[in-house]
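J.: Here's a sequence, model it:
(chains A, B and C)
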Amino acid sequence: MVKRKANKLEENSNTPDLRRSTRRKQTFPTPATEEVKASESDASQAPKSEPAKSKAATKDSAQQSTLPKCEADGTATSYWLMKAEPESRFERGVDVKFSIDDLASRTEPEPWDGIRNYVARNNLRAMKKGDIAFFYHSNCKEPGIVGTMEIVQEHSPDLSAHNSSAPYYDASSKPDNPKWSVVHVKFRSKLKQAIGLKELKEMGKSGQPLEQMQVLKQSRLSVSRVSPAEFQYLMGVVKERGGESN
DNA sequence: GCCAACGTTGGC
DNA sequence: GCCAACGTTGGC
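T.: Here you go, the predicted structure:
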């Protein structure tokens, strides 16, 4: 009974909001890199807000002046929120716990694996090197945003899906046609004081700054978008509460 | 542990 | 393609 998966539905990304989320990340060794067939759309969407970056770097020069740009290709930085579970929980006999402190202790880029939901996967595929993500602790005593990380390597196949001893093994994903993806991330900061879900919900009430925030509207989505305005607002809150440490 | 809110499966 | 039954997420 434990299966995780998300079959059917296959590649229809695009339709944004209709679907929900998937979960957390779990850690497993993964040889990074490989090519992916970015088949379908990666776009995942984002209704409102952000100037969605054009992945291919087509236009968008307009935004460059107002947003921090990410290196190389000159596209604008996008922001995300990714959930992981900081408390022990066993999936197929493996503990999937992964906290901000676990990430901080890594010396190599960490593959964000175990994502088994198409909307979340499409968000991973839309990420660009240099993008920033909030690290969110879920399914725990005090759920909320606890830190930030940076996307250091764009999507590649999630090879853990093909490993029968991995917690999120998915027999339906074939090595010659990988269904799931990872991005590699690195620790950037830990908040001096976490921003709890309760507070996020307050800031997400009607008329408040996070009214449109994706994760508040689709609470089960484990990899969601954060608009530049939402990101900046939240970083203002972080600053007021003692900032971050590296 | 409960359970609301969702996602997936599979019969028809 | 519909939709009932079942599975999962994740806050509480």
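
J.: Which single strand of chain A contains the most residues?
T.: Using DSSP state E, we find that the single longest strand of chain A is strand A:181-196.

J.: Buried by neighbour count: which residues of that one qualify?
T.: Of the residues in strand A:181-196, A:181-191, A:194-195 count as buried by neighbour count, 16 or more other Cβ atoms under 10 Å. C-beta: built from backbone N, CA, C; applies to glycine.

J.: Stretch A:167-176 now?
T.: Residues A:Pro167, A:Tyr168, A:Tyr169, A:Asp170, A:Ser173 are the ones in stretch A:167-176 that count as buried (16+ other Cβ under 10 Å).

J.: in chain A, which spans are helices?
T.: Taking DSSP state H to define them, one finds helices in chain A at A:61-64, A:100-104, A:118-126, A:197-203, A:214-217, A:228-240.

J.: May I have the second one as CSV, with CA atoms only?
T.: Output for helix A:100-104, consisting of C-alpha atoms alone and laid out as CSV, is shown next (Å, rounded to 0.1, in the frame of the first residue of the first chain):
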residue,chain,number,x,y,z
ILE,A,100,17.0,22.5,6.5
ASP,A,101,19.9,21.4,8.7
ASP,A,102,20.3,18.3,6.6
LEU,A,103,20.6,20.5,3.5
ALA,A,104,23.0,22.9,5.3
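
J.: Filtering the buried residues of strand A:181-196 by proximity to DNA strand C, which remain?
T.: The subset of the buried residues of strand A:181-196 within reach of DNA strand C, by Cβ under 7 Å from any atom of the strand, is empty.

J.: Out of these, flag the one nearest to DNA strand B.
T.: Within the buried residues of strand A:181-196, the smallest distance to DNA strand B is 14.7 Å, found for A:Ser181 (Cβ to the nearest atom of the strand).

J.: neighbours of the nearest residue to that closest one once chain neighbours are set aside, just the number please.
T.: The spatially closest residue to A:Ser181, leaving aside those adjacent along the chain, is A:His155, at 4.3 Å (Cβ to Cβ, 6 or more residues apart in numbering). Residue neighbour count, defined by other Cβ atoms under 10 Å, stands at 23 for A:His155.
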